[in-house]
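Asker: fold the following, please.
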Amino acid sequence: MLTKRKGVSLSAKQKHKICEMKEKDPTLQNVELAQKYNVRKSTITDILRESDHWLTITESQENTKKFHRSKWLQLEGALGLWVDNALNTKQDIDSNILKQGEAKSAPLAESIERDRFTLQQLLASYNPEDIWNGDETGLFWKMEPSRVLACNSLSGHKKEKSCVTIFCATNATGIHLILDETQEKLDSIDVKFLSPNTTTKLQPCDVGIIHSFKCHYKCLFIQNRIDAYDNVQDGIVEEHADYTIYDSLQNAAKAWLGMLTV
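Answerer: Numbers count the residues shown, from 1 in each chain. Okay, here's the model as predicted:
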């Protein structure tokens, strides 16, 4: 009875070596290479078919066993070139900027510094507790984690995408926090808007504060669901308590007030 061949995953370095051996000795048979590396002949054929790729791998890629092929090679190439140019001008680039496109027309570093200086001059005449920064964000208030633990395979299900828009604001001292939305007229308040595409550089709420708030909220939401499950298991209630928009707003307020001043 034939034993089933165990799958062997070759590293990029091994594939480079196979292509190199074949290049040096064209008479070398694919079956010989297959026996040497304990893989199927068809695997060797596939590797040699892409020898141009495997012969040009970098040292950092040698131990890689799986390469994710890009579906849009020209787009990836153009994006990589854009990122290199942006980094050369000392601009901060993260995944959110690439996804949202906010930096596609981002000002140069000199312009950012000029705006920062202008902003500092403007704020110099105000007390820190009177200087406020705010930004709105969407909160998927009922979305559960994308991964769960299970003993058996589970069928996929659509994510809950109920969303509420929240406006977060805080003063420069971090003492006063507001989590609200309002359409009231602002009297005796000097409102200044930042220049386009500069929020990732100049706006505190957009540089980690709102992200941290959402992480705090997610923890409170998960704890609420755990408590609801435990209440049923302990016989306190018969059915799981639903998570309402009122619960969401309460936890959002707790998450925001629980933020640390830095």
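
Asker: can you confirm Asn133 is in a strand?
Answerer: Yes: the assignment for Asn133 is a strand, going by DSSP: H, G, I helix; E, B strand; the rest coil.

Asker: ok, it touching Gln203?
Answerer: Yes: counting by C-beta atoms under 8 Å, Gln203 is a contact partner of Asn133 at 6.2 Å. Quick note: C-beta positions are derived from backbone N, CA and C, even for glycine.

Asker: pLDDT of stretch 12-32, averaged?
Answerer: Mean pLDDT, stretch 12-32: 89.

Asker: any idea how far Val31 is from Asn224?
Answerer: Note on Asn224: its distance to Val31, by C-beta to C-beta, to the nearest Å, is 62 Å.

Asker: neighbour count for these two, which is higher?
Answerer: When Asn224 and Val31 are compared for neighbours, Asn224 comes out ahead with 16 against 11, by other C-beta atoms under 10 Å.

Asker: that one reaches Asn251, doesn't it?
Answerer: Yes: with contact defined as C-beta under 8 Å, Asn224 counts as touching Asn251 (6.7 Å).

Asker: for the stretch 51-200 of the chain, what are the low-confidence residue spans?
Answerer: By pLDDT under 70, the low-scoring segments of the stretch 51-200 of the chain are 60, 65-71, 89-109, 148-150, 154, 156-157, 175-188, 196, 199-200.

Asker: so which residues of it form strands?
Answerer: For the stretch 51-200 of the chain, the strands defined by DSSP state E, counting those that start in this stretch occupy 132-140, 163-171, 177-180.

Asker: list the buried residues for the longest helix seen in the chain?
Answerer: In the chain, with assignment by DSSP state H, the single longest helix is helix 209-233. For helix 209-233, burial by neighbour count (16 or more other C-beta atoms under 10 Å) applies to 209-210, 213-214, 216-218, 220-221, 224, 228.

Asker: cool, and stretch 193-211?
Answerer: Going by neighbour count (16+ other C-beta under 10 Å), the buried part of stretch 193-211 is 197-198, 200-201, 204-206, 209-210.

Asker: now do stretch 14-34
Answerer: For stretch 14-34, a neighbour-count test (16+ other C-beta under 10 Å) marks 14-19, 22, 30, 33-34 as buried.

Asker: can I get those in a markdown table with distance to Gly174 and secondary structure?
Answerer: What follows is the buried residues of stretch 14-34, written out as a markdown table (distance: C-beta to C-beta, whole Å; DSSP: H, G, I helix; E, B strand; the rest coil):
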| residue | distance to Gly174 | secondary structure |
| --- | --- | --- |
| Gln14 | 54 | helix |
| Lys15 | 54 | helix |
| His16 | 54 | helix |
| Lys17 | 57 | helix |
| Ile18 | 59 | helix |
| Cys19 | 58 | helix |
| Lys22 | 64 | helix |
| Asn30 | 67 | helix |
| Leu33 | 64 | helix |
| Ala34 | 65 | helix |
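
Asker: of those, closest to Asp242?
Answerer: Nearest to Asp242 among the buried residues of stretch 14-34, counting by C-beta to C-beta, is Lys15 at 54.0 Å.

Asker: burial check on the residue nearest to the closest one when sequence neighbours are not counted, number of neighbours?
Answerer: Residue nearest to Lys15 in three dimensions, not counting chain neighbours: Trp54, with 4.4 Å by C-beta to C-beta, 6 or more residues apart in numbering. Counted with other C-beta under 10 Å, residues neighbouring Trp54 total 22.

Asker: correct me if wrong: Trp54 contacts Leu10.
Answerer: No: between Trp54 and Leu10 there is no contact under C-beta under 8 Å: 9.8 Å.

Asker: pull up the overlap in contacts between the two.
Answerer: Shared contacts of Trp54 and Leu10, defined by C-beta atoms under 8 Å, 6 or more residues apart in numbering, are found at 18, 47.

Asker: cheers, nothing more for now.
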